[in-house]
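**Q** Need coordinates for the below:
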Amino acid sequence: MKGHRRVALATVVALVLAVTGCVRSEQGLVNAGGPITQKNLPPCPLGALAEADGPVTVVVWHALAGKSKDQIDELGRAFNSSQSKVRVEVKSQGTDYDEVLRKYQAAIPSRQLPGIVYIEDQNLRLMVDTGSVLPAESCMKADGSDPGFLPAVRNYYTADDVFWPGYVNVSEPVLYYNVNHFKRAGLDPAKPPLTFDEVEAAAKKLKAAGIAKPLALKMDLWFVEAWINGAGGSLVNMDNGRSGNPTRAEIDNPISLRVFRWIKDMLDQGLIDPVSDTPGQINQYLALANQTSSMTVETSTAATTIKAFLGGEDVGQGGVDTGGAEADLSTLLPAAGPFPGLEEPGRVRISGGAFYMTNTPSPAEQAGAWAFMRFMQEVPNQVSWHLVGSYLPTTEAAAADPEIEQFWEDDLAGRMLKVAHDELLLVDPERPGPALGPYPQYDAAVRNALESMVFNGATPEAAVAQAQRDIDEILAEYIEDNAPG
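**A** Down below sits the predicted model:
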């Protein structure tokens, strides 16, 4: 889930430039005739599975944690029990998305790739540019299937008019808050703040009621992107990277400046507890558990883990764990509200992760990978992803399942997840979120700008201008390294 993805800035820059700087020229896997489109889709070798001597093994790499890890393990077991042609081996490759991505890219030159890899949402263009992915579009055409993904989900994972992942998990940011703190401050817990102005007003009342720093806010690019994208702004040109690889940054705009100024103003008033975006960071959760803060913005996938944590369950590595810290949870009553926006709530981007099939294993293994993707697409398995793993229904059929509808009404985690699903339905299919190849470097550049303002005193204007310059350089380098020929 989001929040388990980052590595330190210096490490990102060093490793990404060394490993991913030259996707095409060093790895040499991209179609020599140019990008894959509807006109030159590679074949999906479905018939190879029937011709295989004995069962084929499909390895799945991921970095899921907590309840989500339990879910992917269970789906692997269920699939293996349901048939005899394919054996799925689910293998964790670390504790964050970036670790999986680094291992995947390091394995590309030797072509020793898994049959399926689970990669964070924003790395779509990077995965496409490696040339190592078997597009799901090929297999959907080969067997005449269509998962029925919501239009915004389908569009987000489409590049060059081709849909790429075999299965998609979606999460969205929401506002978690302590109902009892709201009551203490005279706020209506049934009406959480919906805009920047309302969050600031609520935070002032909470601080007056004795809450030290009402909003624990992680300096995560994800939230900044959602605020900018949701308000109609762009981070890069080329339709936010949707009509081709972007060539220049567009982050230095009035919407971005308003976001940065709001964060700085909240900080100056002592209303924010700023949390650095580092691997395994849980201080935003601890601030709520220890009740020094009343609100935080975080991933919707935390909902089932938060419920388990409050119930005294072992939430496992990567979950919402206090690491042994003492916390009185008796007065912590969590709820979730829509992601607050500049002017209106719930305006986000498609987020989460995607399961990509690779094109380096044998044809039989590729066919086996698609068989597992089809299994994951089945409505009962989509439902279990939601009930256990907290990922949102991405098809109308799954969302209409009676078990999910009851979960949304009767369960604490379900009520919090319903908020995120409502946000998902608001995403404009024409603006599902940015797409660009050098995303890890871009991520580091924006995070560096945020932290220079929050922790080192830079002005919002200077921070945004620096991000603009850094992203321009990153895009120029990526284009130069990955130009055809």
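**Q** Could you use CA atoms for every contact and neighbour count after this?
**A** Noted.
**Q** mind checking how far the host helix or strand of Ala335 is from the chain centre?
**A** Here Ala335 is covered by strand 334-337, with elements defined by DSSP states H and E. Here the centre of mass of C-alpha atoms in strand 334-337, compared against the chain's by Cα atoms, centre = their mean, to the nearest Å, lies 20 Å away.
**Q** what do you get for stretch 451-464?
**A** With Cα atoms, centre = their mean as the basis, the mean position of stretch 451-464 lies at 25 Å from the chain mean.
**Q** What of stretch 340-348?
**A** Its chain's C-alpha centre and that of stretch 340-348 lie 18 Å apart, by Cα atoms, centre = their mean.
**Q** Mind listing residues that contact it?
**A** Residues from elsewhere that reach stretch 340-348, judged by Cα atoms under 8 Å, 6 or more residues apart in numbering: 172-175, 193-197, 199, 226-227, 229-231, 259, 338-339, 422-424, 426-427.
**Q** Am I right that Tyr156 is in contact with Asp428?
**A** No - when contacts are counted by Cα atoms under 8 Å, Tyr156 is not listed as touching Asp428 (10.2 Å).
**Q** So which of these two has more stuff around it?
**A** Looking at Tyr156 and Asp428 with other Cα atoms under 10 Å, you find the greater number of neighbours at Tyr156, namely 24 against 19.
**Q** That one: what's it in contact with?
**A** Applying Cα under 8 Å, 6+ apart, one finds that Tyr156 lies in contact with Ile350, Pro429, Pro432, Gly433.
**Q** rerun at 6 Å
**A** In this structure, Tyr156 makes contact with Pro432, judged by Cα atoms under 6 Å, 6 or more residues apart in numbering.
**Q** What's the separation between it and Gly352?
**A** When Cα to Cα, to the nearest Å is the yardstick, Tyr156 and Gly352 sit 11 Å from each other.
**Q** Can you classify Asp70 as helix, strand or coil?
**A** Following DSSP: H, G, I helix; E, B strand; the rest coil, we place Asp70 in the helix state.
**Q** ok, back up a step: mind giving me the ChimeraX select for the contacts of stretch 340-348, buried ones only?
**A** A single ChimeraX command selects the buried members of those (16 or more other Cα atoms under 10 Å):
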select :172,173,174,175,193,194,195,196,199,226,227,229,230,231,259,338,339,423,424,427
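**Q** Where helices are concerned, which of the contacts of stretch 340-348 count?
**A** Using DSSP state H, the members of the contacts of stretch 340-348 that fall in helices are Phe196, Asp197, Val199, Ala226, Trp227, Asn229, Gly230, Val259, Asp422, Glu423, Leu424, Leu426.
**Q** any idea whether the most centrally placed residue in the chain is helix, strand or coil?
**A** When Cα atoms, centre = their mean is applied to the chain, the residue found nearest the centroid is Gly352 (2.9 Å). Reduced to three states with three-state DSSP, the structure at Gly352 is strand.
**Q** May I have the residues that are in contact with it?
**A** Neighbour list for Gly352: Asp121, Asn169, Val170, Ser171 [criterion: Cα under 6 Å, 6+ apart].
**Q** Check which helix or strand Asp73 maps to.
**A** Assigned by DSSP H and E, Asp73 belongs to helix 66-82.
**Q** and that helix, which residues are buried?
**A** For helix 66-82, a neighbour-count test (16+ other Cα under 10 Å) marks Gly66, Lys67, Ser68, Lys69, Gln71, Ile72, Asp73, Leu75, Gly76, Phe79, Asn80 as buried.
**Q** what's downstream of it, the next helix or strand?
**A** Along the chain past helix 66-82, the next helix or strand (assigned with DSSP H and E) turns out to be strand 86-92.
**Q** Strands along the protein, start to end?
**A** For the chain, the strands defined by DSSP state E occupy 56-62, 86-92, 116-120, 133-134, 158-159, 162-163, 167-171, 173-178, 215-218, 272-275, 295-299, 334-337, 351-358.
**Q** how about these in TSV, adding distance to Lys103 and mean pLDDT?
**A** Rendered in TSV, the data for the strands of the chain read as follows (distance: least, Cα to Cα, whole Å; pLDDT from 0 to 100):
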stretch	distance to Lys103	mean pLDDT
strand 56-62	10	98
strand 86-92	11	98
strand 116-120	10	97
strand 133-134	15	97
strand 158-159	23	95
strand 162-163	24	96
strand 167-171	21	96
strand 173-178	27	95
strand 215-218	26	97
strand 272-275	27	97
strand 295-299	25	95
strand 334-337	35	94
strand 351-358	14	97
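**Q** Figure out which of these is closest to Leu101.
**A** Closest approach to Leu101 among the strands of the chain is made by strand 116-120 (6.7 Å; Cα to Cα).
**Q** for that closest one, packing partners?
**A** With contacts defined as 3 or more Cα pairs under 6 Å, 6 or more residues apart in numbering; DSSP states H and E, the secondary structure elements packing on strand 116-120 are strand 56-62, strand 351-358.
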